[in-house]
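In: structure for this input, please:
(3 chains)
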Amino acid sequence: MDRLKKRAEFLAVARGVRSPRHAFVLQAALAPDPAAAPRCGFTVTKKVGNAVVRNRIRRRLREAVRLQSDALGRAGCDHVLIGRREALSQPFATLAADLVSAFRQAHKRLPAPPSTVGASLRVDGPDPAAPRHPRGETPGRTR
RNA sequence: CCAGUCGGCCGGGCGGCCGCUCCGGGUCUCGAAAGAGGCGCGGGGAGGAAAGUCCGGGCUCCACGGAAAGACGGUGCCGGAUAACGCCCGGCGAGGGCGACCUCAGGGACAGUGCCACAGAAAACAGACCGCCUCGGUCCGGACGGCGUUCGCGUCGUCCCGUCCGCAAGGGUGGAAGCGGUGGCCGCAAGGGCAUCGGUUCGAUCGAGGUCAGGGUGAAAAGGUGGGGUAAGAGCCCACCGCGGACCCGGCAACGGGGACGGCACGGCAAACCCCACCGGGAGCAAGACCGAAUAGGGGCGGCGCGGGCUCGAAAGAGUUCCGGUCUUUUCCGGACCAGUCGCCCGGGUUGGUUGCGCGAGGCGUCCAGCAAUGGGCGUCCCAGACGAAUGGCCGCCACGUGGGGGAAACCCCGCCAUACAGAACCCGGCUUACAGGCCGACUGGCCCU
RNA sequence: UGGGGCGUCGCCAAGUGGUAAGGCAGGGGAUUUUGAUUCCCCCAUCCGCAGGUUCGAAUCCUGCCGCCCCAU
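Out: Numbering: from 1, shown residues only, chains lettered A, B, ... in the order given. You can find the predicted model right below:
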């Protein structure tokens, strides 16, 4: 699963659906390109702990996503995992199970993407599609 | 053995499966090439503090004719060492500890300014005040009335006067005790008591002088203690201690030792301003350099073309500079240019990419110089380079710690979600701070044994 | 990466070398039939922490800790 890296992408996903668990909060939203591979980003804020703690949490989450990617992927979806303190102490198996359930829940809540792209995106504009407009329009705006 | 001081070091090990990143070479695909991507192989991949960002340097850009002064900031015993430092090493001084050892921003207070609350007579230099001592002056009442009387006077009240305290209102006070002479009174006498004069001692007060011994205070008060001495006292004199100190000796120096002599004069604070000496140009790898698509817009050159009006002309078109804008500093005159399109070139800039960016004041070993910090020689090694940011996830065994159980012991079994502080971001030298547990060395004090 | 500021009672805060104002809150009391108002009294000595200078430190110096802000 590819990584999200741009701040604008994170902001876009933050407007989507949320699915909280003990060790993390999952955010998900439709990507501008419905056929694109699923992508995922990680956020661990400074409140959680020092650099060592934050690194460890991100690495555990990343490893869990890697191992479960078959069960989690869905084309045209962007995800952000916000790490919490429990991600450090929770058993890895539990963490992985939570991850799967969170992804399923989030995907269920998202509108069906492909084929109907144009219509559905335009219709519920304010919801998950709206934040992606800026990105989608950036080429037109800046270039 | 117990207690302690100092210095140095480690900060888990081995292995399996699945991943991440960098490098090398292999192979496959795409491509004319440059190159891009895929697959598998081999190798590298966090720290002693990577942290805090408190100092110092390298490196890069900017500024500057070379510097220096001023301002500002920093440092501050002496010497050494270093690229440099506020770090480090050695020494000195002061303080603490029985000791090993530890702590100290530790130059200048006769360049100047300032501060020293409260208390205290006084807070910085020399006195004032209280007190002590010597000398000198003054020490006194008057009028009226009441009462008592030994008829000398005593006492009380009012007024006046003197004097002291007090801003004033007002208050206090009008010497005491001996000695001698004279006068008069009482008494038979011894004697008593009164007035006055002289003089003595004490006291009060004023003035002049001596003095700093003393003055409950305070962090700090005139060198301390003892003796002599004096009117009272005082380094006034003496002894010891303390202080200053020409000069001599040792030391590169800080400083140390001795010390004629001075006779105590010189309080503390500069982490108060300040003075003196020395150091510092500014910014920081988001420094800086290079590449640079599409789109929009800018500038330059060249080609073609020229908005409205007017004149000529049948028209095509030609002419005119009348009208618009820009420039020529402004106004007038004059002049030049512009309007649209095509091509080429240039620079700026958004997003992005590459670089800086890993051979270094480098690590390890060894030898030499030096007490040491450190320096030098030789050999050997190449050892992280990410950028929403790699070094991870899940296990097994072992080591160590700790708790429980078994055992005579060696040891065995089980448990601890036991194993700290903490993650490179241009690099290096320090400092500071955090840290489970452990190892090594040197030394000190005490007890015991030989 | 560079720069600046703050930390004093539960809250807001004054004090910048001489022993910590004030307000709100809280507690006790008085006034009142009761309540409100009003009045009186009480409430920090660990001034973020640790050292140092000084006779004396919230204040001056050094080192830490925490928080906030600014520039890029």
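In: spell out which parts of chain A neighbour RNA strand B.
Out: A:3-7, A:10, A:41-43, A:50-52, A:55-56, A:58-60, A:62-63, A:66-67, A:80, A:89-92, A:142-143 (CB under 7 Å from any atom of the strand). Bear in mind the C-beta positions are built from the backbone N, C-alpha and C, glycine included.
In: please redo it, this time with the cut-off set to 6 Å
Out: A:3-5, A:7, A:10, A:41, A:43, A:50-52, A:55-56, A:59-60, A:63, A:66, A:89, A:91-92, A:142-143 (CB under 6 Å from any atom of the strand).
In: in PyMOL, select just the buried ones from these.
Out: Selecting only the buried entries of the residues of chain A next to RNA strand B in PyMOL, with 16 or more other CB atoms under 10 Å as the criterion:
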select buried, chain A and resi 4+10+41+43+60
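In: for the helix or strand where residue A:66 lies, packing partners?
Out: Following DSSP states H and E, one finds residue A:66 within helix A:51-67. In terms of contacts (3 or more CB pairs under 8 Å, 6 or more residues apart in numbering; DSSP states H and E), helix A:51-67 is packed against strand A:39-43, strand A:77-83, helix A:92-109.
In: this completes my enquiry, with thanks.
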